[in-house]
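> Structure of the sequence below:
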Amino acid sequence: MGAGHEYGAGTAAPSALPAARLLSRLALDEPEFETRMREALTRAEKWLQATAHDALDPRVAALTGHLADAGGKRLRPLLVLLGAEFGDPWAHGVTQAAAISELVHIASLYHDDVMDGAATRHGVPSAHARWGERAAVLGGDWLLARAAQLAADLGPAAVHLNAHAAGRLVAGQLRELAGPGPDEDPVTHYFHVAAGKTAALLAMSLGIGATQACAPAAAVAALTDCGEQLGIAFQIADDLLDLTSPAALTGKERGKDLLAGVQSLPVLLARESTDPAQAELRDLLTAGPVPATALPRALELFEHAPALAETEAVMHRRLDRARTALAALPDLPARRALLALCDYVALRTS
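Numbers count the residues shown, from 1 in each chain. Here you go, the predicted model:
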């Protein structure tokens with residue numbers, strides 16, 4: 001690990017990270033487990049911050065550490081640490097694996113923000129808004145390279161898992177950019193994109209944690225499957241929240257995806273509807289991005305559209321698959337925490 005500072009300027013202490021607050025909801029009144037996980041999150045945050053800032057040129061370090069300083073949920077490091085609970089959670093490389101998962105995630109945010117033209121991320125200017133598009137893309141590349149270097153220090157299994165997840169992530173981004181093929185079902189295309197952009201890294205996080213902890217192969221497989229299903233469910237939940245939750249809860253403008261023309265699952269299902277009562281909404285969505293002047297009407301129509309209930313049902317089926325995968329695991333606090341995480345995803349949209 002490079003000689004960077006442990007926390008960048010303005011960075012919250014690890015105990016204040018959203019992952020620690022989420023852990024309090026998932027620990028189910030098991031104080032010893034929660035304390036151990038909080039300590040592990042603190043160690044992972046130190047690795048993350050030091051690695052993100054360890055460029056020799058301080059100007060590069062300011063760029064590469066920008067979003068690490070800004071915060072974030074730190075869900076992926078938490079998943080790594082939960083996966084490690086099914087083996088030896090103190091094994092060499094578990095903390096570094098948690099940092100790897102977040103480095104890859106942050107790198108994807110640098111690239112996403114360039115592609116989306118996003119002005120802010122986590123309440124601060126996006127990297128491309130502050131340093132320009134070329135610097136932001138290279139900053140994301142640098143973070144991916146550092147994640148790969150950390151994985152190389154851990155051995156072939158970590159290298160394979162990191163490379164596979166990074167490849168799936170980029171493939172998902174490319175598929176989203178290209179859109180569905182002429183003979184491809186748009187809903188099928190949506191799930192391919194979500195699997196790459198969201199599920200791949202959650203699956204890798206649980207899997208690499210268990211692998212570094214030398215958990216049994218069956219546990220690694222079950223955790224990887226759980227992460228895959230959770231990732232899809234998280235993406236669907238975000239789709240629903242864009243249409244149903246006020247900005248005060250989500251931190252972004254309600255209906256922002258509609259304004260951007262994002263082909264979310266509820267949008268795709270609403271467009272497929274043949275119900276005459278849904279004709280007005282279908283027409284608004286088929287025309288492309290919803291104009292700002294029509295956004296209030298589109299949101300009102302969605303409130304009564306079957307597509308929302310259909311989307312929520314799909315999300316619950318994915319969560320049920322995640323719970324089924326967890327059924328094969330021993331009844332440890334980490335398993336109960338992952339089951340509680342499934343419930344948390346469901347409650348986010350209720």
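
> Which per-residue confidence value corresponds to the nearest residue to residue 243 once chain neighbours are set aside?
Counting by C-beta to C-beta, 6 or more residues apart in numbering, residue 243 lies nearest to residue 302, which is 5.1 Å off, once chain neighbours are set aside. For the C-beta atoms, the positions are set from N, CA and C on the backbone; glycine is no exception. In this model, residue 302 is scored at 95, pLDDT.

> Burial check on residue 302, number of neighbours?
23 (other C-beta atoms under 10 Å).

> secondary structure class for it?
helix (DSSP: H, G, I helix; E, B strand; the rest coil).

> is it true that residue 259 touches residue 292?
Yes - using C-beta atoms under 8 Å, residue 259 makes contact with residue 292 at a distance of 6.4 Å.

> Between the two, which has more neighbouring residues?
More crowded of residue 259 and residue 292, by other C-beta under 10 Å: residue 259, with 16 against 10.

> List the contacts of the helix or strand containing the more buried one.
Per DSSP states H and E, residue 259 falls inside helix 256-260. Residues from elsewhere that reach helix 256-260 (C-beta atoms under 8 Å, 6 or more residues apart in numbering): 116, 239, 242-243, 253, 264, 267, 285, 289-290, 292, 295, 298-299.

> Pull it out as PDB, backbone CA atoms only.
Extracted in PDB, the C-alpha atoms of helix 256-260 (Å, rounded to 0.1, in the frame of the first residue of the first chain):
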ATOM      1  CA  LYS A 256     -34.700  12.300 -13.400                       C
ATOM      2  CA  ASP A 257     -34.400   9.000 -15.300                       C
ATOM      3  CA  LEU A 258     -37.500   9.900 -17.300                       C
ATOM      4  CA  LEU A 259     -36.000  13.300 -18.300                       C
ATOM      5  CA  ALA A 260     -32.800  11.500 -19.400                       C
END
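
> elements contacting the helix or strand following it?
Note on helix 256-260: by DSSP H and E, the next helix or strand toward the C-terminus is helix 265-272. When contacts are defined as 3 or more C-beta pairs under 8 Å, 6 or more residues apart in numbering; DSSP states H and E, helix 265-272 packs onto helix 186-194, helix 217-244, helix 279-286, helix 306-326.

> So residue 110 versus residue 78, what's the distance?
21 Å (C-beta to C-beta, to the nearest Å).

> so where's the stretch 101-250 of the chain uncertain?
Across the stretch 101-250 of the chain, the ranges flagged by pLDDT under 70 are 246-250.

> can we see that at 80?
By pLDDT under 80, the weakly predicted segments of the stretch 101-250 of the chain are 116, 118, 245-250.

> where along this structure do the strands fall?
Assigned by DSSP state E, the strands in the chain fall at 120-121, 124-125.

> Out of these, flag the one nearest residue 326.
Checking the strands of the chain against residue 326 by C-beta to C-beta gives strand 120-121 as the closest, at 31.6 Å.

> which residues touch the closest one?
Residues contacting strand 120-121 (C-beta under 8 Å, 6+ apart): 67, 70, 109, 113, 126, 127, 129.

> looking at those residues, which has the most residues close by?
residue 127 (29 neighbours).

> Tell me how many other residues surround the nearest residue to that residue once chain neighbours are set aside.
Among residues not flanking residue 127 along the chain, residue 136 sits closest, at 4.0 Å (C-beta to C-beta, 6+ apart). Per other C-beta under 10 Å, the neighbour tally for residue 136 reads 23.

> can you check residue 150 too?
21.

> now the one 10 residues further on
Applying other C-beta under 10 Å, we find 13 residues neighbouring residue 160.

> picking that back up, surely the residue nearest to residue 243 meets residue 264?
No - using C-beta under 8 Å, residue 302 is not in contact with residue 264, being 10.7 Å away.

> any residues in contact with both of those two?
residue 243.

> quick one on the thing from earlier: from residue 271, how far out is the residue nearest to residue 243?
In terms of C-beta to C-beta, residue 302 sits 12 Å off from residue 271.

> likewise residue 285?
For residue 285 relative to residue 271 (C-beta to C-beta), the value is 5 Å.

> neighbour-wise, which of the two wins?
Between residue 285 and residue 271, counted using other C-beta under 10 Å, the more crowded position is residue 285 (24 against 18).

> residues in contact with residue 312?
If you count contacts by C-beta under 8 Å, 6+ apart, then residue 312 has 236, 240, 349 around it.

> Could you check the pLDDT of it?
97.

> Look up how far residue 190 lies from it.
15 Å.

> same deal with residue 264?
Distance from residue 264 to residue 190, by C-beta to C-beta: 8 Å.

> now residue 38
36 Å.

> okay, the two: which has more neighbours?
Neighbour comparison, residue 38 and residue 190: the larger count goes to residue 190, with 23 against 18 (by other C-beta under 10 Å).

> so what's the more buried one up against?
263, 264, 265, 268.

> How many residues are close by residue 330?
10.

> I'd assumed residue 215 was in contact with it.
No - taking C-beta under 8 Å as the definition, residue 330 is not a contact partner of residue 215, at 10.1 Å.
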